[in-house]
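> generate coordinates for the sequence data below:
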Amino acid sequence: MILIDDKLNEKISENIYVALGSFDGMHKGHLLLIDKIINLANKNNGKSMVYTFKNHPLTIVNKDKAPKILLDNKTKEEVLGNLGVDILCLKEFDEKLMKLSPEAFIENLVHEFNIKGIVVGFNYRFGYKNKGDLELLKTLSKKFDFELYIKEAYTIENEIVSSTRIRELISLGEIKKANEMLGREYVLRGEVVGGRRLGRTIGFPTANLKPLTNILIPKIGVYYTNVEVEGKIYKGITSVGNNPTVNGKNITIETNILDFNKDIYNNNIKVYFLDRIRDEKKFSSLDELKIQLEKDKKFAKNQSEKIIL
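Numbering: from 1, shown residues only. Predicted structure coming up:
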């Protein structure tokens with residue numbers, strides 16, 4: 001897959017079929033758009049492209065209202081590449097882009113990338129102050145001579161799948177339902193950093209994850225996770241919380257990786273959240289904590305579900 005993150009030096013000659021949107025989370029609704037552009041590109045001997053932004057537009061429009069993201073750009077790139085998208089255009093959303101009128105935004109896009117088809121979701125809006133709507137886009141499709149495809153909302157049990165709803169579910173700890181809407185396991189990636197190393201004293205060493213900034217952290221609690229280390233998957237127990245038993249102050253993400261004993265400090269890993277085991281609890285002693293951790297470990301070991309890379 002070709003990654004474009006700046007202005008092209010030369011005009012694209014192939015016919016481009018592009019999906020527009022934020023694509024935060026790359027959920028099942030987004031996948032419908034991706035599938036459509038790939039099919040159109042194949043049918044018309046063209047190229048499929050996703051056009052989106054490195055940063056959420058609200059980080060420029062109204063920083064206080066900008067949401068935590070569901071998917072970092074590196075993972076987004078990996079997901080789209082695996083789906084078979086030909087080109088990912090990942091633009092920095094800045095004041096210049098913010099101030100573009102809806103018509104100018106589409107005109108620039110069509111001319112820069114030789115767009116022959118645009119695919120959007122049912123609630124897509126664009127241009128300055130989100131003034132561009134689907135009716136305007138239909139008008140512009142005739143003016144600038146491109147095909148327009150509008151995908152209906154994707155629902156699960158009569159509930160619309162959206163990034164907003166998935167954020168709510170993850171914040172509530174309803175990770176299984178969030179994963180169902182995503183179509184894959186929610187993942188945090190980052191560097192393993194030094195911690196207090198108290199887990200080692202009771203036989204439960206943990207990898208302390210420093211996640212990428214501005215990513216949404218699941219609700220405080222203990223989760224069954226899978227951990228990707230150096231291209232291999234291991235079962236894990238991940239605690240999201242402040243370690244109340246030992247009077248912790250800051251929120252940490254600590255994972256006991258089952259059947260694993262390598263030193264991975266400063267390594268980058270991925271933690272996939274599969275199920276929520278329990279709430280965080282303050283135990284009366286480290287011995288009581290150890291008993292609970294043994295139960296958590298047994299729960300994790302008994303899970304048949306394990307992701308495949």
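> from residue 127, how far off is residue 101?
5 Å (Cβ to Cβ, to the nearest Å). Every residue, glycine included, has its C-beta placed from N, CA and C.
> which one's more surrounded, these two?
Here residue 101 and residue 127 are compared on neighbour count by other Cβ atoms under 10 Å; more neighbours surround residue 127, at 20 against 14.
> find the nearest non-adjacent residue to the more buried one, please.
For residue 127, ignoring the flanking residues on the chain, the nearest one in space by Cβ to Cβ, 6 or more residues apart in numbering is residue 102 at 2.8 Å.
> just give me the neighbour total for that neighbour.
The burial count for residue 102: 19, using other Cβ under 10 Å.
> now the one 5 residues further on
The burial count assigned to residue 107 is 15, neighbours taken as other Cβ under 10 Å.
> count the neighbours of the residue nearest to it when sequence neighbours are not counted for me.
Residue nearest to residue 107 in three dimensions, not counting chain neighbours: residue 144, with 6.3 Å by Cβ to Cβ, 6+ apart. Per other Cβ under 10 Å, the neighbour tally for residue 144 reads 15.
> now residue 144: how far from residue 21?
For residue 144, the distance to residue 21 - Cβ to Cβ - is 19 Å.
> need phi/psi at the most centrally placed residue in the chain.
With distances taken as Cα atoms, centre = their mean, the chain has residue 71 as the residue nearest its mean C-alpha position (2.0 Å). Per-residue torsions, residue 71: phi -150, psi 120 (degrees, to the nearest 10).
> can you classify the residue nearest to it when sequence neighbours are not counted by secondary structure?
In this structure, residue 71 finds its nearest non-sequential neighbour in residue 25, 5.4 Å apart by Cβ to Cβ, 6+ apart. Following DSSP: H, G, I helix; E, B strand; the rest coil, we place residue 25 in the coil state.
> following the chain past the helix or strand bottoming out on mean pLDDT in the chain, name the next helix or strand.
Lowest by mean pLDDT, DSSP states H and E among the helices and strands of the chain is helix 198-201, with a mean of 59. With elements assigned by DSSP states H and E, the helix or strand that comes after helix 198-201 is strand 207-211.
> just checking, what packs against whatever helix or strand comes next after that next one?
The element immediately downstream of strand 207-211 (helix or strand, assigned by DSSP H and E) is strand 221-229. Here strand 221-229 touches strand 232-241, strand 252-257, strand 268-278, helix 286-301, going by 3 or more Cβ pairs under 8 Å, 6 or more residues apart in numbering; DSSP states H and E.
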